[in-house]
Every structure is written in structure tokens, then in C-alpha cells.
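Chemist: Here is a sequence with its predicted model. Questions after.
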Amino acid sequence: MNRAIYFVGVLFVLMATCGFAEQAGTKMVSAGNHCTMIVKTDHTLWATGFNYSGGLGVGSKSEQPVPVQVMTDVATVSVGNLFTLVLKTDGTLWAMGENEIGQLGDGTRIDRFAPVQIMNDVTSASAGIEHSLIVKTDGTLWTVGSNADGELGDGTTTHRSTPLQIMDDVASASAGYNHSMIVKTDGTLWAVGGRSSGQLGDGTPGQTDNYTWSRSTPVNVMSGVRSVSAGSLNTMIVKKDGTLWAVGNNNGGELGVGDTIDRDIPVQVMSDVSTVELGSFHTMIIKTDGTLWAMGDNSRGQLGVGDTIDRFTPVQVMSNVSSVSLGVNHTMIIKTDGTLWAMGDNYYGQLCNLIRKGPVVEIPTTPQLIPVQITFSNSDVATLTPHVTNKSLISCITGGNIQFSQKVPSGTTVSLFDLSGKKLVHTTIIGSIFEVPNFSRGVYIARINTGSALIQQKIMIE
């Protein structure tokens, strides 16, 4: 039996009711693996981008090319590889996403598509690739998840699905790829986990035969430390005197020392530094004067300097910056006036970069090479880039096929999902024909990727 397919509502509507409350500014942002989590000043949490394991917490695995609200009363958020840790204003810790190694800390290894409560009395949390570091209000450090390289610091390499107390008198902690960096209240810096690239900064050379590749108990590395950021296989340290120190992997020049040679002992990079953040292979620095500086891999424009050329020494990007967060290859920035800015890769909509054209907005998926301000409206809807009208796109519907009246870009793909977010089919459009499988009658979600735009739309099969 032939089935006719009709697009429901406005053509290519991506979201008609979800958006940012315009009166609320941006409090903090955390960039992850092709996704972004945003906390507004009204303490609402919003999610956008890649969602393979449900790390956005929207109740499914469906990708979100524009932000959707996830929670209220949120203080901070930390995005790991495919999972997210959320700290609410009442001190409770919540988690969602991939849980294969127990990194969510809920006592199971079951992926969670919606937030689940983990602990009380938490002051900060850091999500790594597959492990989590949690600091409680009493200064104790708790760890959970992958422990293949001893990154949990419990003296073993046993994975854990429930948090275990490791240290006392902890001020902050940062989780990297397979290592953990800890700042105690006395300003000493402690390191544990993998050190194949020298990322612990304990003075042992990377990739040699005369020492173990990892440490399973924390070792004191440095004193006089204010903050630390652990990256993929490297570490950036800000001392109390404002000097910035770097150690570990330097393949992309992310250490900012003028070359691509790894370091196993911390080396000084800059002075007058306020904070530093590491991505997979790039680094962003905020100096005490509010200027933002960048170095490292720039293959997707994530440094925001207008090109895709890597930088081996810091280069200034913008001024009046209060905080920054780095994903795999995108960067999110909050300025001192509370505005949100973004640059880098946008293939999954992780930049939240919407271009308004009349009653609709477009979602460009090409890299953003310079910082662009991010704004939202409650009435935003999205369409193909470049925009095409309803009449010019859909010419006829016959026998389970959608035929486009104009040829779509080569390589355009369509995925169909049920309303739970389960992917049912993924195919490439040939010429101008999309062959729809023999599904039961009902409503489905179509996600169209042209290579330069993402469109998500409800369709009805009758």
C-alpha cells in the first residue's frame, strides 16, 4: 500500500517552543565532545549538539542542533566525553549519559538519558573521558569510573561505579583523559593516573622502558598553585603568582612553548594569568586584564583567529572575557557583560549559532573561524541553509518517496527516528529522491544533513 508523507507544521521547524529566556544572561558554559551545556543566570540548564549516549539529559539519544532546557536550579556543569555532571544550587550532584565504566557514579553501568541524583553536599565536580572527580563541602575528594591507569587514585586499577573517598583538604580537582590533577587547600598540586606523555608533571619521561606508565596513588608535583586544568594528555597550571606552567603532550602546540615537543617537567609559558582551560589539542588563557589568548590545534577554527593555522605560542583573541570552556574542537566564551560567544566546529550545532532570516533561523554547520555572539529567542524555528520555501522544496509525494523539486547537495543524508529518539534508518539522498521505508502509520522525526546545515522535522506517514 502506498503511503503519502506530509511535513507537519512549518517546513523544517527545528524548535518552535524551546529557546532561551531572553532576560537571562549566561552564568557558565561547559563544552564537551561536540556538545555544549549552558547555565543561565536564572540557573536553568540548556543542552545542544551531539547526544550519542544521552549525555545531554533530554530523555533520549536524539541530537539537539539548538539548545533545549534540561534542568532548573543548576549551579555548575561539567561535560565529559559522552556524559555530564550537574551540580545543583542545593549541593546535590546529578549525572547523565554514558555509564559503561560506571563514570556516572550511580552504582550501575547503565547509560542514563535523563539526570539521576548521585550525591549530596558537593562543591565541585569534574568529568573526564571515562572518570569523574567530586569535591564535597568538607574538602574530601571522591572518584569514580574508569581506573585503567590508576586515575582514581585508590592504589588500584579497578573500575568503580560508586564514588570512593581518596583525599582530604582538597580545594579543586580536574579530570583529564586518563589522569587526575588535584589542588589541596595548602596550594600543593597532586597528580595521579596515566603519564605516557609526561602529563603528571612528576619529572618522569614519557614513553620509556625504565618506569611504570602510570601512578595509582597521588604524588606531590608542585606548590603555590591556584588552579589546574587537565587535558587529553597534558596539564596546564596557574600558580598563585599568576604564572602559567605547562606539561605533557604537545602535538598541536597546545603547551604554547613554541614547538611541538612533549614536556615531562612543567615549563613556564606566561605571566599575569587568571585562568586556563584545555581542550583535546588546544588551549585558551584568560589573563588578569580580561584578554583571551589561544594556542594549539586550529583545524576547525577553534582558536578564533580567523584561519585554520595552528599556533605554537599564545595569540590574543579578544578582550573583556570572564570565562571560557573548550570542547574537542570548539570553544565557548562568556564575556564580562554576560554575553555568550562561540567559535570552531559546528557540525552538530554545538556552537548554538543561529542565523535569523525572517521568521526562521538557519544552522550553519561549517566551522566558525572568529568568535560570534550567541543569542536566542523563544520563537526561533530553523530551516535549511540556504533557505528554500515550502513550495520550492516539496514538489510531489508518491508511493513512499519524497521528491525534491531541486537537486539537493551531493552527499545529503537523512536519518529517521521514532519519537523515543531511536534511529530507524540512515540513508543518502540520491539525486532528488528520498525513499522512505515501509513504516507503520504515525509521526516520525527526520534529520537532514546537507553538509552545511542540519534540519530536524516531524513527518507524518499515512
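Modeler: Cool, got the structure.
Chemist: would you list every one of the strands in the stretch 51-200 of the chain?
Modeler: 64-71, 74-79, 83-88, 93-97, 112-119, 122-127, 131-136, 141-145, 160-167, 170-175, 179-184, 189-194 (DSSP state E, counting those that start in this stretch).
Chemist: Let me have those strands in JSON lines, extended by mean neighbour count, distance to residue 269 and mean pLDDT.
Modeler: No exception for glycine: its C-beta is placed from N, CA and C like everyone else's. Shown next, in JSON lines, are those (neighbours: other Cβ atoms under 10 Å; distance: least, Cβ to Cβ, whole Å; pLDDT from 0 to 100):
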{"stretch": "strand 64-71", "mean neighbour count": "23", "distance to residue 269": "34", "mean pLDDT": "84"}
{"stretch": "strand 74-79", "mean neighbour count": "24", "distance to residue 269": "24", "mean pLDDT": "98"}
{"stretch": "strand 83-88", "mean neighbour count": "26", "distance to residue 269": "29", "mean pLDDT": "98"}
{"stretch": "strand 93-97", "mean neighbour count": "27", "distance to residue 269": "33", "mean pLDDT": "98"}
{"stretch": "strand 112-119", "mean neighbour count": "19", "distance to residue 269": "35", "mean pLDDT": "96"}
{"stretch": "strand 122-127", "mean neighbour count": "23", "distance to residue 269": "22", "mean pLDDT": "98"}
{"stretch": "strand 131-136", "mean neighbour count": "27", "distance to residue 269": "24", "mean pLDDT": "98"}
{"stretch": "strand 141-145", "mean neighbour count": "26", "distance to residue 269": "27", "mean pLDDT": "98"}
{"stretch": "strand 160-167", "mean neighbour count": "18", "distance to residue 269": "27", "mean pLDDT": "98"}
{"stretch": "strand 170-175", "mean neighbour count": "23", "distance to residue 269": "17", "mean pLDDT": "98"}
{"stretch": "strand 179-184", "mean neighbour count": "27", "distance to residue 269": "16", "mean pLDDT": "98"}
{"stretch": "strand 189-194", "mean neighbour count": "26", "distance to residue 269": "16", "mean pLDDT": "97"}
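Chemist: Any idea which of those gets closest to residue 34?
Modeler: Evaluated over these, closeness to residue 34 peaks at strand 74-79, with 10.2 Å, by Cβ to Cβ.
Chemist: Using PDB, list the CA coordinates for that closest one.
Modeler: The C-alpha coordinates for strand 74-79 follow below in PDB (Å, rounded to 0.1, in the frame of the first residue of the first chain):
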ATOM      1  CA  VAL A  74      21.600  24.500  38.500                       C
ATOM      2  CA  ALA A  75      24.900  26.000  39.800                       C
ATOM      3  CA  THR A  76      27.600  24.400  37.600                       C
ATOM      4  CA  VAL A  77      28.000  21.800  34.900                       C
ATOM      5  CA  SER A  78      30.900  19.700  33.700                       C
ATOM      6  CA  VAL A  79      30.800  17.800  30.300                       C
END
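Chemist: outside of that strand, which residues touch it?
Modeler: Applying Cβ atoms under 8 Å, 6 or more residues apart in numbering, the external contacts of strand 74-79 come out as 28, 30-33, 35-37, 39, 43-45, 55, 84-89, 124-127, 327.
Chemist: sorry, back to before: can I get the strands of the stretch 51-200 of the chain in CSV including distance to residue 351?
Modeler: Below are the strands of the stretch 51-200 of the chain laid out as CSV (distance: least, Cβ to Cβ, whole Å):
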stretch, distance to residue 351
strand 64-71, 10
strand 74-79, 14
strand 83-88, 18
strand 93-97, 20
strand 112-119, 23
strand 122-127, 20
strand 131-136, 26
strand 141-145, 28
strand 160-167, 33
strand 170-175, 24
strand 179-184, 28
strand 189-194, 31
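Chemist: of those strands, which approaches residue 373 most closely?
Modeler: Among the strands of the stretch 51-200 of the chain, strand 64-71 sits nearest to residue 373 (Cβ to Cβ), with 14.7 Å.
Chemist: what pairs with the closest one, and is each one parallel or antiparallel?
Modeler: Paired with strand 64-71 in the same sheet, following DSSP bridges, are strand 45-49 (antiparallel).
Chemist: for the strand it pairs with, what is the average pLDDT?
Modeler: Strand 45-49 shows a mean pLDDT of 91.
Chemist: Residue 280 reaches residue 232, doesn't it?
Modeler: Yes: between residue 280 and residue 232 there is a contact at 5.0 Å, judged by Cβ atoms under 8 Å.
Chemist: Pick out whichever of the two has more residues nearby.
Modeler: Ranked by neighbour count (other Cβ atoms under 10 Å), residue 280 and residue 232 place residue 232 first, with 22 against 19.
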